[in-house]
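Undergrad: quick one, structure for this:
(one chain, ligands or ions: 1)
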Amino acid sequence: MSINYLRKAEIFKQGIDRRDYSLSNNNVDDEYDNLLPNINSSKLFDLAGKYPDYRYKELTNALRNSFGINNIILGSGSEDLIIRINSCLKKSGGIGVLLPNFYRTTETAGKYTKFYSDYKLNSEILDINFLSNQIERNKKIKALWISNPNPMIGKIYKKEHLLHLIKKYPNILFIIDEALIDFTEREKEYSVIKDAQLLDNLVVMRSFSKLYSLAGLRVGYATGKANILEKIKENGLTFPVSSIAEHCIINVLKKKNVLLKIKKRIKKHKLLLEEVLSKTPDIIISKSATNCIFFGHKKINTFSELLKIGIISLELNNHDGMREKNFVRITVHSSEYLFNDLFHRILKFIKLNKS
Ligand SMILES: Cc1ncc(COP(=O)(O)O)c(C=O)c1O
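TA: Sure, this is the predicted structure:
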């Protein structure tokens, strides 16, 4: 089923005082003013008036230097890459998707084999053996999509576990969507981006829409062996990224210290919210490695009761692969203003629903 939660959030926003905490991006913080370059009207006119360099040399080099990678393919957001990769994979069939997952990944995969995640509520880490056993029973698949971290449960696989699996099944192409990895605390323990340069059966994707909060620029990229990227390239636009977006990203990559500040604030806010929620006996929290908190109330409809106090959360019931019923996802922002708004609404939610 296609879950267009963007449209759903729009509908819920109508009417009373409601704020959308359902999207995993859209962080709002004055600190971002220090991230983007100042573009005056003559520079804007200059950028808007010309095609980008068709090789995107400057942007590609900036990405290479920032992330220690070599082969790069750009997309108009990582969503564009998901669609293009799936359109390549569909020709040979045998696609597998680890669920739950981002709806565009399943929607554009056509027919696919379902794999499921196993996890514990009190741990951020996903169980690789559970996935490995499923692959052992479905060894004929040709490709497997994994989001790491998982956007719908917030859990993550450890890098060493993933690498073991990728090496164990050389005939399966592993496509790891790391769109949310920038939010994790010790990224090096989880990311396989650097390994994509060495392994023949690995493609890693990243996005500038999440921690960088540049969803409107529409920039994503993937890295892996050159022959795989060439195939994906055949199936796309000559200029997937605009000259303005290219200029912004090159400059943003010079200011990663701003992102560290933002990340620290999100962590602080997330801990405070989880602390008040965990003190309420009827609320069950599931630990996450991302900027989102995941929880459910034992006795009431979590989504509807949050909506009554103006919090639009992401209702997780309809997602294939979600084990818990009545759970929601709420995005934690770095801005003090939005944190205070969310915190006070959560306190109200707890007070109103005490048993
Ligand atoms: C896991 C995951 N991958 C990819 C995307 C697409 O992001 P974008 O196209 O903005 O880069 C999303 C967006 O929500 C996501 O959650």
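Undergrad: going forward, measure contacts between C-alpha atoms and count neighbours the same way
TA: Noted.
Undergrad: ok, residues contacting stretch 158-173?
TA: Residues outside stretch 158-173 that contact it (CA atoms under 8 Å, 6 or more residues apart in numbering): 125-126, 128, 132, 141-144, 174, 188-192, 200-203.
Undergrad: what about 10 Å?
TA: The contact list for stretch 158-173 (CA atoms under 10 Å, 6 or more residues apart in numbering) reads 89, 94-96, 124-129, 131-132, 135-136, 139-146, 148-149, 174, 176, 187-193, 195, 199-203, 228.
Undergrad: check stretch 40-55 too.
TA: Applying CA under 10 Å, 6+ apart, the set of residues contacting stretch 40-55 is 38-39, 59, 73, 238-247.
Undergrad: rerun at 7 Å
TA: Thr238, Phe239, Ser242, Ser243, Ile244 (CA atoms under 7 Å, 6 or more residues apart in numbering).
Undergrad: quick one on the thing from earlier: return the subset of the contacts of stretch 158-173 lying in strands.
TA: The strands, defined by DSSP state E, take in Ile95, Gly96, Ala143, Leu144, Trp145, Ile146, Phe174, Ile176, Leu202, Val203 from these.
Undergrad: correct me, but the second one touches Lys140?
TA: No - using CA atoms under 7 Å, Gly96 makes no contact with Lys140, being 10.0 Å away.
Undergrad: show me which residues of this protein sit near the ligand.
TA: The interface of the chain toward the ligand, taken as CA under 6 Å from any ligand atom, is made up of Gly77, Ser78, Glu79, Phe102, Ser147, Pro151, Asp177, Ala179, Ser207, Ser209, Ala215, Gly220.
Undergrad: these into JSON lines, with extra columns for neighbour count, pLDDT and secondary structure?
TA: Shown next, in JSON lines, are these (neighbours: other CA atoms under 10 Å; pLDDT from 0 to 100; DSSP: H, G, I helix; E, B strand; the rest coil):
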{"residue": "Gly77", "neighbour count": "23", "pLDDT": "97", "secondary structure": "helix"}
{"residue": "Ser78", "neighbour count": "23", "pLDDT": "97", "secondary structure": "helix"}
{"residue": "Glu79", "neighbour count": "20", "pLDDT": "97", "secondary structure": "helix"}
{"residue": "Phe102", "neighbour count": "17", "pLDDT": "95", "secondary structure": "coil"}
{"residue": "Ser147", "neighbour count": "27", "pLDDT": "98", "secondary structure": "strand"}
{"residue": "Pro151", "neighbour count": "23", "pLDDT": "96", "secondary structure": "coil"}
{"residue": "Asp177", "neighbour count": "26", "pLDDT": "98", "secondary structure": "strand"}
{"residue": "Ala179", "neighbour count": "25", "pLDDT": "97", "secondary structure": "coil"}
{"residue": "Ser207", "neighbour count": "27", "pLDDT": "97", "secondary structure": "strand"}
{"residue": "Ser209", "neighbour count": "22", "pLDDT": "95", "secondary structure": "coil"}
{"residue": "Ala215", "neighbour count": "17", "pLDDT": "93", "secondary structure": "helix"}
{"residue": "Gly220", "neighbour count": "23", "pLDDT": "98", "secondary structure": "strand"}
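Undergrad: tell me the two of those that are most distant?
TA: Based on CA to CA, the longest span within the residues of the chain next to the ligand runs between Ser147 and Ala215 and measures 18.1 Å.
Undergrad: where does the stretch 101-250 of the chain dip in pLDDT?
TA: Low-confidence segments of the stretch 101-250 of the chain (pLDDT under 70): none present.
Undergrad: which strand residues bridge whichever residue of it sits closest to the ligand?
TA: Closest approach between the stretch 101-250 of the chain and the ligand, counting by CA to the nearest ligand atom: Ser207, at 4.3 Å. Here Ser207 shows beta-bridge partners Gly220, assigned using DSSP bridges.
Undergrad: go ahead and confirm it touches Glu79.
TA: No - under the criterion of CA under 7 Å, Ser207 lies out of contact with Glu79, with a separation of 8.8 Å.
Undergrad: centre of the chain to stretch 190-204, how far?
TA: 17 Å (CA atoms, centre = their mean, to the nearest Å).
Undergrad: just the terminal-to-terminal distance for it.
TA: 12 Å (CA to CA, to the nearest Å).
Undergrad: mind listing the helices for the stretch 251-355 of the chain?
TA: 256-278, 302-308, 336-352 (DSSP state H, counting those that start in this stretch).
Undergrad: just the stretch 51-200 of the chain next, same as before
TA: Taking DSSP H, counting those that start in this stretch as the test, the helices found in the stretch 51-200 of the chain are 57-67, 77-92, 103-107, 128-137, 159-168.
Undergrad: among those, which comes closest to Val332?
TA: Taking CA to CA as the criterion, Val332 comes closest to helix 103-107 out of these, the separation being 21.1 Å.
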